[in-house]
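Engineer: Quick one, what's the 3D model for this:
(chains A and B)
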Amino acid sequence: DVKVTQSSRYLVKRTGEKVFLECVQDMDHENMFWYRQDPGLGLRLIYFSYDVKMKEKGDIPEGYSVSREKKERFSLILESASTNQTSMYLCASSFFGRAGNTEAFFGQGTRLTVV
Amino acid sequence: DAKTTQPNSMESNEEEPVHLPCNHSTISGTDYIHWYRQLPSQGPEYVIHGLTSNVNNRMASLAIAEDRKSSTLILHRATLRDAAVYYCILKREYGNKLVFGAGTILRVKS
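Structural biologist: Now for the predicted structure:
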């Protein structure tokens, strides 16, 4: 069974803390993505990566960075967490290539609360 | 990225077919039409995709208009477990991104 695993389902952090959200996939996918989902705003792409050490900004990268040191792992980093980063964070992965013809697999999500 | 337009919400009775429409009048020749759904408290899951021809799989059917400016996701017999937000997304042939719109909230009544 294909799997995208996010390290935590729920997380509570303090304002100003450095936060790491981890995502691991076991499908040998080249592409990995981080989204956040907020009521009324839908899913918005933060960053994505199409290869190890490669990354591209999505629609809302401010306040976030990412790391992809190994193909199977994609980390989202909040350098200094703020309350407006309280959200549901979703990781996804997919094959590269004729991307129009490939499906993405999502993790269960991490609900992050910054207090 | 070309945009899609979907109704905010739809309602269906259990065991009846459901037709979820999507308009994409600015679709380009290399855009694939993808559908995902998101069940409550879960990440989105892939449903179906197509380019020009109608497609069927175990979850649903996808009917694509001849001019490709609209498509319809068909659930043949809705169950309570099909209650979800359904997203219609256009994906470039060599693009990597999935850009989600607001989607359609499907409610299924027993």
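Engineer: Below-threshold pLDDT in chain B: ranges please.
Structural biologist: Within chain B, the segments meeting pLDDT under 70 span B:1-2, B:93-95.
Engineer: hey, where'd the strands end up in it?
Structural biologist: Counting by DSSP state E, chain B has strands at residues B:9-13, B:18-23, B:31-38, B:45-50, B:55-56, B:61-64, B:70-75, B:84-92, B:104-109.
Engineer: could I get those strands as CSV with mean neighbour count?
Structural biologist: (Glycine included, C-beta is placed from N, CA and C.) Shown next, in CSV, are these (neighbours: other Cβ atoms under 10 Å in any protein chain shown):
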stretch, mean neighbour count
strand B:9-13, 14
strand B:18-23, 18
strand B:31-38, 23
strand B:45-50, 19
strand B:55-56, 15
strand B:61-64, 19
strand B:70-75, 20
strand B:84-92, 23
strand B:104-109, 17
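Engineer: Dump the ones you listed into JSON lines; add distance to A:Pro61 as well.
Structural biologist: Formatted as JSON lines, the strands of chain B follow (distance: least, Cβ to Cβ, whole Å):
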{"stretch": "strand B:9-13", "distance to A:Pro61": "31"}
{"stretch": "strand B:18-23", "distance to A:Pro61": "28"}
{"stretch": "strand B:31-38", "distance to A:Pro61": "22"}
{"stretch": "strand B:45-50", "distance to A:Pro61": "25"}
{"stretch": "strand B:55-56", "distance to A:Pro61": "34"}
{"stretch": "strand B:61-64", "distance to A:Pro61": "32"}
{"stretch": "strand B:70-75", "distance to A:Pro61": "31"}
{"stretch": "strand B:84-92", "distance to A:Pro61": "20"}
{"stretch": "strand B:104-109", "distance to A:Pro61": "28"}
